[in-house]
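Q: pasting the sequence and the predicted coordinates here, then a few questions.
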Amino acid sequence: MRALAAQVRRNLSRRWRRAMVTTLGIALAAAMLSAALVLADSLGGGFDRAVRAAGLADVIVRFDPQSYSRVADRIRALPDIAGFATRLEVTDVDIHAGGHGFGHASAEVVGSGRRGYAIVAGRDVSGRFGEVVIERGLADAWGLDVGSTLLVRGLGPLRVVGLAEAPDDVGFPLGVPRLYISRAAIDARFGAEANPAVSVAELWLRDPRLLDQVLVQARTLSFGLHGVRVITRTGVRVLLDQAAGIVIDLLVALSVFALGTAGVILAASARAEVQRRLQELGVSRAVGASRGHLVAVQLTEAAVVALPGATLGLLAGWLITAGPTERLLTLLNEPPAGSGLILPLLGGWALSVLIPVLAVAVPSWSATGREPVALLRGAGLAGTAAAPGAGGGGPSRRRRRPGLALLGARLLGARRGRLVATVVTLGVSAGFVLLLLALASALSALQTDPGALGKRYQLTAALPATAAGRVRAIGGVAAAAPRYELEAADSYSLGETIDVIAYPGDHTEFEAPALLAGHRLHGAGETEVGAGLAAALGLSPGSVLAVALPSGAELRLRVAGIVSSLDHDGRVAYLPAAALLAGEPGAPEVLAVRLAAGADPGAVTRALSALGATPTPASGAVARGVPLVQTLRSILRAVAIVDGLVCLYALVQTGSLTLSERRRTVALLRAVGAGPAAVARLLAGVVLALVLPAAALGAVLERFVLGPALAHLAAGYATLELRAGPGQLAAVLAGLLAAGAIAVLATTRRATHESVVAGLAGA
Amino acid sequence: MVVLEARGIVKDVGRGRARRRVLDGAALRVEAGEVVAVLGRSGSGKSTLLHLLGGLDRPDAGAIVLAGEDLAAQGARALARMRLRHVGFVFQSFHLIEELSGRENVLLPARLPGAAPGGERRAGELIEELGLGPVAEHRPHELSGGEQQRFAIARALVNDPELVLADEPTGNLDAENATAVLGILSRLTRRAVVIVTHEPEAAAIAVRVLRLEAGQLVEAAAQRR
């Protein structure tokens, strides 16, 4: 054992530079793996953790304020209810703290019993007046903590006694800020009411499998209650998971790819190292060293090199992603994974050590199994290189004059297996980077460009339908029509809310979301539904959509087509205004205004204002979701950086491996007069032979595999056009070339640093 | 005309306690058209001397003047340029690049940046002159040892250098091929040729034969070509 340790120490001290490079590669792969684990575990389990911590209700019902007794009586009449809680939700509350202010906060006046939120700092509100619990997102955004003071208009300054997370909605600033005040405290200050008003009921079921039956009963019993909106725990999960699911799947795919990359490179590196040491192994075998001892030395060396790399990489990956992940979780009102991450990270660490050790084990075992004589002759490992002149046989045909770069490419081509593996690795990597760029620009377009959502109107004006003629007469207005929009529910599954949009005529003149299936609606009995709604309710062209309107009326419409829409997560239905107004005569309306080409929006806005309207520009889908987009971007950026580093490592390592194996060739070139520039050209040939096909492969992969796959993945949420543009292709090619240039510089420096004589001797 | 002059060359090899002096004040002067053989036992420093003369390595002390330039004063780039323009190397183990045909191997130095023009033509002439035309497009593994060494000689001559340095050029060849290769080296007119060898047959083609003893070059014999 002591002899083994001493030999490993001697070997590593002789080859410490090479060991450092291998450690770096392992660290990069481990960082990628760790980043993916942190994100996947944190986001994947975030909702369940939040539900457990908060005790989220199975069903949350919102309605216009009603007396507590009226609501409680109806809930008690429902079957399978394990418990319930009510509260009054007061919207548009004006709050101020620490120089910040918000005029549309939501104040939840909570009663006793279950609350449906988790206290993550401090404590819950008591019956004393002057206390408030605020959601963590608000605290983070405004720099508040337990003990801070929040000024609530109408209640005065309140002391923050706790921070909460309620997973039934996204947090501030993605959603409106929420604060929780005790009803007992309000009663103590303003006097108790015998039958206070409530507007939210949270229901916990004994058997969640009976949810549908409970919802049907609830709908029957809710007769007389107005503005009823129901959301189930499953509905909340679907909404949140769809947003995070894209990122998680992307990262899991990236981590698998990074692991594969590291595996290929480390295996090639291990093979080259064993090949280089065949003679040494032969001598050791000849003087009596056992095969087991020699393999044990190699494995111990590999483990010693891998351990620090895996540890540092895992820590780095965790550090890079932990911050953005926690921010994203805060936005989603979900707690961080905490100690739950330890086990997956330990698994990742073990994998990061095991793969490089196995990569060494196989060629070592294979090499040491040979006869010592064969080892002393330096016989190659099976399959290490293409046979000289392979594919030809007999005299080679006259070839084009070989420049140095072409010679470099041919030297690389001698190891065809590695060439293919590295090109595939780089190509997949380039494909992923292209995908990230395409995704980032798709997010930007959705955020800022209403046209990307199929919206063809630029302004809406709060004017009655009768004003449409006057608006059309304004210079620069191409079209104007009433637009009706309200929130309804699916009659069969009350947990699914639907954003109903209606126009009196052809809606595609104002909103033309891409048609994914079926045809545009014709006639009063037809509807076009968003892909998100179709996925949630299993709709297809020809199905019947039953819509429960707020008035209690029900509309039954045949689905004419499925459209792409990001609004309300694709849970939208376009229908003719006549059908909507028949069931809901008081549906909210605005005028949608489409501008003529080249019209001045400012002039039209002024003219609309003169008519007494306050025009509002049409917005992108995620106008309120800017923080989410920013957080997703920072995660994508972190992944892209690690991905880029993996590319750089692959290029440098392949260049180094080629250089190691072709020391004599490089030394010969230098002996016959090649200076550093000529060596750099040779190595540039090596790198270009990798980069150019990899860039082409990456573009093809992104265009035909990764882009469509991710778009398909996101189809339930939104339809994303994920095609990298020429600029993005150029950027990735430039990035690969830049990485290649760094690889060329690094390897050229190494190549020209070595003594020509030593290189010729191949020592 | 003096092509190469070396004075007081000192060179130590190895490190620490293994360090030893292999050249200790060696001196040499070679003129154009002259073939000089350096003999010595294994480990005497013959190859080290050749590497120093060709600018592949640097002496610890002394001066090596090639084409009027002191090699010891040159930087790495300038040394590479000197090797490209003024030196041709012939190695015992040929050092042909396996991925290239014989012709491409010959052309390799001619296509380096800074090489003298006309390399393509000279390569063609050399290949024909050395009888390699029929196998010019063969890869090294398809050639005999003698053919490989003749390609290596053609490569050494393709940039028309004033100095040819041959390190055991017949060490890996049978008697017939060795004779052919020595014949080629002996016919190199206008150039200075230095051959290091331990084979007396190789020394037979030299005008002057020097022996490397105790780190110094001593005249062994004078012969007529």
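A: All right, it came through fine.

Q: which of the helices or strands spans the residue most central in space within chain B?
A: The centroid of chain B falls nearest to residue B:165 when counting by Cα atoms, centre = their mean (1.5 Å). Following DSSP states H and E, one finds residue B:165 within strand B:163-167.

Q: contact partners of that strand?
A: Contacts with strand B:163-167, where a contact means Cβ atoms under 8 Å, 6 or more residues apart in numbering or on different chains, come from B:3-4, B:30, B:46-47, B:50, B:53-54, B:66, B:86-92, B:156-157, B:185, B:188, B:191-197. Using the backbone N, CA and C atoms, a C-beta is placed for each residue, glycine as well.

Q: all helices for the stretch 151-300 of chain A, in order.
A: A:183-190, A:211-221, A:233-276, A:278-286, A:291-331 (DSSP state H, counting those that start in this stretch).

Q: the fourth one packs against which elements?
A: Okay, so that is helix A:278-286. On a contact count with 3 or more Cβ pairs under 8 Å, 6 or more residues apart in numbering or on different chains; DSSP states H and E, helix A:278-286 meets helix A:291-331, helix A:342-368, helix A:372-376.

Q: identify the residue nearest the one residue in chain A that gets nearest to chain B in space, chain neighbours excluded?
A: The minimum distance from chain A to chain B, using Cβ to the nearest Cβ, falls at residue A:673 (2.4 Å). Closest residue in space to residue A:673, ignoring its immediate chain neighbours: residue B:84 at 2.4 Å, by Cβ to Cβ, 6 or more residues apart in numbering or on different chains.

Q: where does the one you found land in three-state SS?
A: Per DSSP: H, G, I helix; E, B strand; the rest coil, the secondary structure class of residue B:84 is helix.

Q: burial count for it?
A: Using other Cβ atoms under 10 Å in any protein chain shown, the number of residues around residue B:84 comes to 23.

Q: quick check: residue A:555 is in a strand.
A: Yes: membership of residue A:555 in a strand is supported by three-state DSSP.

Q: check contacts around it.
A: Under the criterion of Cβ under 8 Å, 6+ apart, the neighbours of residue A:555 are A:546, A:547, A:549, A:575, A:579, A:580, A:582, A:583.

Q: take the residues you listed and, keeping just the buried ones, write it as a ChimeraX select command.
A: Remark: buried members of those, expressed as a ChimeraX selection using 16 or more other Cβ atoms under 10 Å in any protein chain shown:
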select /A:547,549,575,579,580,583
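
Q: among the contacts of residue A:555, which lie within helices?
A: Residues of the contacts of residue A:555 located in helices (DSSP state H): A:579, A:580, A:582, A:583.

Q: CSV for the contacts of residue A:555, including distance to chain B and pLDDT?
A: CSV is the format used below for the contacts of residue A:555 (distance: Cβ to the nearest Cβ, whole Å; pLDDT from 0 to 100):
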residue, distance to chain B, pLDDT
A:546, 72, 87
A:547, 72, 86
A:549, 77, 84
A:575, 70, 92
A:579, 75, 89
A:580, 75, 90
A:582, 81, 89
A:583, 79, 87
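
Q: leaving out sequence neighbours, find the closest residue to residue 110.
A: I'll assume chain A. residue A:87 (4.7 Å).

Q: should've been chain B
A: residue B:119 is the one closest to residue B:110 (Cβ to Cβ, 6+ apart), at 2.4 Å.

Q: that neighbour: what's it in contact with?
A: B:107, B:109, B:110, B:111, B:158, B:159.

Q: need the contact list for the spatially closest residue to residue B:107 that is not a sequence neighbour.
A: Nearest residue to residue B:107, sequence neighbours excluded (Cβ to Cβ, 6+ apart): residue B:123, at 5.1 Å. Contacts for residue B:123 (Cβ under 8 Å, 6+ apart) come out as B:103, B:106, B:107, B:110, B:154, B:158.

Q: isn't residue B:83 right up against residue A:672?
A: Yes: taking Cβ atoms under 8 Å as the definition, residue B:83 is a contact partner of residue A:672 at 6.7 Å.

Q: give me the angle between the helix or strand where residue B:78 lies and strand B:163-167.
A: Using DSSP H and E, the element containing residue B:78 is helix B:76-86. Counting by axes from the mean of the first three to the mean of the last three Cα atoms, to 10 degrees, helix B:76-86 points 100 degrees away from the direction of strand B:163-167.

Q: now do the buried residues in helix B:76-86.
A: Result for helix B:76-86 [16+ other Cβ under 10 Å]: buried residues B:79, B:80, B:81, B:82, B:83, B:84, B:85, B:86.

Q: mind putting those into a markdown table with pLDDT?
A: Formatted as a markdown table, the buried residues of helix B:76-86 follow (pLDDT from 0 to 100):
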| residue | pLDDT |
| --- | --- |
| B:79 | 88 |
| B:80 | 89 |
| B:81 | 90 |
| B:82 | 91 |
| B:83 | 91 |
| B:84 | 91 |
| B:85 | 91 |
| B:86 | 93 |
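
Q: so which of the residues you listed is the closest to chain A?
A: Of all the buried residues of helix B:76-86, chain A sits closest to residue B:84, with 2.4 Å by Cβ to the nearest Cβ.

Q: check contacts around the closest one.
A: Applying Cβ under 8 Å, 6+ apart, one finds that residue B:84 lies in contact with A:672, A:673, A:674, B:109, B:112, B:114, B:115, B:159.

Q: emit the PyMOL select command for whichever of those residues are buried.
A: Buried members of those, defined by 16+ other Cβ under 10 Å, are picked up in PyMOL with:
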select buried, (chain A and resi 672+673+674) or (chain B and resi 109+112+115+159)
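
Q: tell me, how many residues neighbour residue A:195?
A: For residue A:195, the count of nearby residues is 11 (other Cβ under 10 Å).

Q: buried residues in the worst-scoring helix or strand of chain B on mean pLDDT?
A: The helix or strand of chain B with the poorest confidence is strand B:216-222; it has a mean of 78 (mean pLDDT, DSSP states H and E). For strand B:216-222, a neighbour-count test (16+ other Cβ under 10 Å) marks B:216, B:217, B:220 as buried.

Q: can you add distance to chain A and give those back as JSON lines?
A: Converted to JSON lines, those look like this (distance: Cβ to the nearest Cβ, whole Å):
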{"residue": "B:216", "distance to chain A": "21"}
{"residue": "B:217", "distance to chain A": "20"}
{"residue": "B:220", "distance to chain A": "25"}
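
Q: just put those in CSV and tack on distance to residue B:40.
A: CSV is the format used below for those (distance: Cβ to Cβ, whole Å):
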residue, distance to residue B:40
B:216, 11
B:217, 9
B:220, 10
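
Q: from the residues you listed, which is closest to residue A:707?
A: Nearest to residue A:707 out of the buried residues of strand B:216-222 is residue B:217 (Cβ to Cβ; 71.6 Å).

Q: and the closest one, what are its bridge partners?
A: Beta bridges link residue B:217 to residue B:212 when assigned by DSSP bridges.

Q: got a list of what it touches?
A: Neighbour list for residue B:217: B:26, B:27, B:28, B:38, B:49, B:210, B:211 [criterion: Cβ under 8 Å, 6+ apart].

Q: weed out the non-buried ones from the residues you listed.
A: Buried subset of the contacts of residue B:217 (neighbour count, 16+ other Cβ under 10 Å): B:26, B:28, B:38, B:49, B:210, B:211.

Q: A helix includes the first one, no?
A: The reference is to residue B:26. No: assessed with three-state DSSP, residue B:26 is strand; it does not lie in a helix.

Q: any idea what it is bridged to?
A: Going by DSSP bridges, residue B:26 is paired in beta bridges with residue B:9.

Q: from residue B:79, how far out is it?
A: 19 Å (Cβ to Cβ, to the nearest Å).

Q: if we can go back for a sec, each with direction, which strands does the helix or strand where the residue nearest to residue A:110 lies pair with?
A: Taking DSSP H and E as the definition, residue A:87 sits inside strand A:81-97. Counting by DSSP bridges, the strands paired with strand A:81-97 are strand A:100-110 (antiparallel), strand A:149-152 (antiparallel), strand A:197-205 (antiparallel).
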